[in-house]
Each structure stands twice: as C-alpha cells, then as structure tokens.
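A.B. asks: what follows is a predicted structure for the sequence shown.
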Amino acid sequence: MQPDEEGVPSEQEGHLRQLPDAAHQAFAETASHLEEVRFNHQKLLVGAGLVPEAHLANIDPERQVQWLAESFNGKVTESGFSLPLLGLSEEDVGLSVSSDNGLFTLKMELGDHIQRSARLPVGVVGISSSWQDGWLNITFDRPEGQ
C-alpha cells in the first residue's frame with residue numbers, strides 16, 4: 001500500500017484491504033443456501049458409506065430416517081414415516097430390523113435391486129408396517145412409557 005504525500009495510506013487502498021473480510025462476512029450472513037448445501041453433502045456422503053460422515057448419522061440417527069424418506073419423496077412423522085412406492089406391490093417389499101448393542105437398524109429391500117438401511121431413532125425397538133394405496137407406512141414401536 002502506497003502512502004500519500006503525508007505518509008498515510010490512501011482511503012481507496014485502505015478500503016481494498018478490508019474488502020475481502022467484509023465481503024466474506026456479508027456473503028456468509030446472506031447465503032442461506034449454504035446450510036442446505038452442507039446438509040445435502042452430508043446426506044450424500046453418508047449414503048455413499050463414507051466413514052467420517054457416518055459419525056453424524058450415528059450421533060443423530062433421526063437423520064438417517066429423514067434422508068431415507070426424502071430419497072423416496074416420503075413423509076416423516078414422530079411416530080414413523082411413509083414412502084410412496086407406486087409401481088411396487090406389497091409382495092415386492094421386504095423389511096427387517098436388526099439390533100447391535102441396543103441400536104436398531106431397519107433394512108428395506110424394494111423390488112429386485114433396491115436395498116436401503118437406516119438406524120432407527122433412539123428409543124425405537126422395532127417397527128410395524130402397513131400398505132395402503134401404493135404407500136408403505138412404517139410405525140415405530142417404542143417400549144411402554146416412552
């Protein structure tokens with residue numbers, strides 16, 4: 001930065017020095033889409049089975065159920081979720097729940113080629129399912145009092 005005749009940096013050069021910091025901060029404050037990008041990136045990495053991001057789903061298993069439902073344009077409620085599986089019949093859907101150290105995982109087999117699994121939310125010990133008009137409805141089973 002070149003000082004002016006009095007040895008003081010010019011106003012324009014001082015403005016340029018601070019501009020990147022101010023621009024970054026202004027961008028971060030107004031870029032609401034970044035949180036959505038981060039969320040979608042985490043979802044993609046967990047779905048791909050990458051270990052570092054799997055930690056996020058392990059500490060917040062509700063995310064796995066939410067991502068699973070969203071991937072099929074489904075709906076999530078506190079008591080379970082529903083998936084529109086138009087084109088499949090009830091016989092094309094296989095569901096199983098496994099437990100590992102008290103953590104329950106839902107495995108879904110849809111048709112011949114699609115398999116998905118998701119950790120069930122904390123406190124869920126099983127599921128019940130129903131089929132209605134092309135929609136698979138999963139209800140979480142919780143112990144009495146929860």
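C.D. replies: Perfect, I can see it now.

A.B. asks: where do the helices of the chain begin and end?
C.D. replies: Along the chain, counting by DSSP state H, helices occupy 11-30, 33-47, 51-59, 62-71.

A.B. asks: pull the CA atoms of the last one into CSV?
C.D. replies: Same thing as helix 62-71. Listed in CSV are the C-alpha atoms of helix 62-71, where the atom choice follows Å, rounded to 0.1, in the frame of the first residue of the first chain:
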residue,chain,number,x,y,z
GLU,A,62,-33.1,-39.4,13.1
ARG,A,63,-31.2,-38.0,10.1
GLN,A,64,-30.8,-41.4,8.5
VAL,A,65,-34.6,-42.0,8.7
GLN,A,66,-35.2,-38.5,7.4
TRP,A,67,-32.7,-38.9,4.5
LEU,A,68,-34.2,-42.3,3.6
ALA,A,69,-37.7,-40.9,3.5
GLU,A,70,-36.6,-37.9,1.5
SER,A,71,-34.9,-40.0,-1.1
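
A.B. asks: in it, what's buried?
C.D. replies: Judged by neighbour count (16 or more other CB atoms under 10 Å), helix 62-71 contains these buried residues: 62-69. Backbone N, C-alpha and C define where each C-beta goes, glycine included.

A.B. asks: and S79, how close does it get to L106?
C.D. replies: Distance, S79 to L106, by CB to CB, to the nearest Å: 14 Å.

A.B. asks: between the two, which has more neighbouring residues?
C.D. replies: Ranked by neighbour count (other CB atoms under 10 Å), S79 and L106 place L106 first, with 23 against 11.

A.B. asks: that one touches L83, doesn't it?
C.D. replies: No. L106 is not in contact with L83 according to CB atoms under 8 Å; the separation is 11.6 Å.

A.B. asks: give me the common contacts of those two.
C.D. replies: Taking CB atoms under 8 Å, 6 or more residues apart in numbering as the contact rule, L106 and L83 both touch I138.

A.B. asks: show me the shaky parts of the chain.
C.D. replies: Counting by pLDDT under 70, the chain contains low-confidence ranges at 1-18, 45-59, 61, 145-146.
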